[in-house]
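Student: when you get a sec, could you give me coordinates for this:
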Amino acid sequence: MDTKPDAKAGNSEGLLRTVSAVIGPDSGGSVALIPVPELVKLIVSYAQRLSDFIHVKTVTKEMSWQVVSMWYIPSPVAGGGSAVDKEDNKHKAAAAAAAGAGGGTLIVADRVSDQFYSLSLATCEERAFCGSGFFGRKDGTSTTACFESVYCIVADPLRPRSWFVSDSSTIRRFDEATDTVTTLIGGIENGANQFEHVSSFVVSKSGLEIWAVDQHNSALKRVTIDRHSGRAWISISHSVQTGPNKIVWDRTPTAKSESGLWCACDDGVTYFSTEPPPFTSTTGQHEMVHHLTEETNGADDLVCTDTGLLVIFIVEDIMLYDPRTKQSEILLQRDESDDDDSRANDLVLMPTVPVLVDGGRRLYFASERSIRFIDLPPVCYPIVTCCDRDK
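Tutor: Sure, this is the predicted structure:
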């Protein structure tokens, strides 16, 4: 298991006591938010850097997967295919338990096999979830469907055990109950409804709109689904010349639900409104994030916390950014000064595909052939008072 030295544990407890004092003893144990600038001041009084509170742990490593997308669900998922060797699972489960990986399941998109897998975080048991492992574009069952460079998987918000999945040019549905994979929309020859590399997408709470990145066409597109017939079509297409890579919903508490998208682009991070007229870009927000990424020429990935903060992946760094105050902190950064085979150099080797769980308290991500996680400091999520923690 790879971890940083826990040199700041005492300071972290002191920080929580200070935060509780700021919230006040009469809060009744309720969840409260402290303005990020105030929290940053508190953190600075206990540590020189926010990264002093970050400790990286490994769930599983030396995988054969090339992970391009992950989705977290709180209970184990039964997928098709057979489990990996039981003896190997015992060792992996022990390592996961030692790392404190917790429960739940990650659904992982693997570019090497063009399949989706389920990975139990409690036992590290791997199961084939969807896909035959053969390259191609073919609907079918969970074991016969073929994908052409898998990309993204998102749970259907209205249908239990139903998923939206994407490969290079299509978005499809995978229904576990009926064990069927069917094309919803796409194909490079499908006229106005074509895609070319659906690298990322999000689904509305109604399950009737999909906002997708058409990466090779440098466009963001809205897919509308008819509630009755299930027919889907591209209702809006917006050109993004800055090279879109990944989109997530804006989760700022004061913002209207599903009113905006953050997009990681080749030249930074851009905000797009989904309100009429949709896909309008706020230049100021583009500029204020751009300066964070100009040295590395782009943002590779991102995720938005429940408090509206952005966790941005930039080559080998992970950054926390508050769009409202323009404040930023490095969460993880590769230490170029260390020439030996230290753990620090290995901790943030090309981190990708972030997934937030446990109310934004834990961040899972892929790093080379490993899946790892960090527990985020209180600045990243709603603070629970010490009164709550003692209950």
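Student: can you name the element that comes right after the host helix or strand of residue 165?
Tutor: Applying DSSP states H and E as the criterion places residue 165 in strand 162-166. The element immediately downstream of strand 162-166 (helix or strand, assigned by DSSP H and E) is strand 170-175.
Student: and residue 138, what's its pLDDT?
Tutor: At residue 138, the model reports a pLDDT of 93.
Student: go on, residue 282?
Tutor: Reported pLDDT for residue 282: 51.
Student: list the contacts for the residue nearest to residue 113 when sequence neighbours are not counted?
Tutor: Spatial nearest neighbour of residue 113, excluding adjacent residues (CB to CB, 6 or more residues apart in numbering): residue 133 at 4.9 Å. Any C-beta I mention is one placed from the backbone N, CA and C, and that applies to glycine too. For residue 133, the contact set (CB atoms under 8 Å, 6 or more residues apart in numbering) comprises 113-115.
Student: check residue 162 too.
Tutor: 155-156, 173-177.
Student: do residue 203 as well
Tutor: 154-157, 164, 209-210.
Student: just the buried residues out of these, in ChimeraX syntax.
Tutor: ChimeraX command restricting the contacts of residue 203 to the buried ones, with burial defined by 16 or more other CB atoms under 10 Å:
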select :154,155,164,209,210
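Student: identify the farthest-apart pair in the contacts of residue 203.
Tutor: 155 and 209 (15.0 Å; CB to CB).
Student: lowest-confidence helix or strand of this structure?
Tutor: helix 386-389 (a mean of 29; mean pLDDT, DSSP states H and E).
Student: how close does residue 305 sit to residue 247?
Tutor: Relative to residue 247, residue 305 is positioned 16 Å away (CB to CB, to the nearest Å).
Student: before we move on, what about residue 262?
Tutor: 7 Å.
Student: which one's more surrounded, the two?
Tutor: Legend: neighbour count by other CB atoms under 10 Å for residue 262 and residue 247, higher for residue 262 (27 against 22).
Student: got any ranges where the stretch 1-150 of the chain has weak pLDDT?
Tutor: Within the stretch 1-150 of the chain, the set of residues satisfying pLDDT under 70 comprises 1-53, 61, 75-102.
Student: picking that back up, kindly calculate the angle that the strand holding residue 165 makes with strand 170-175.
Tutor: 160 degrees (axes from the mean of the first three to the mean of the last three CA atoms, to 10 degrees).
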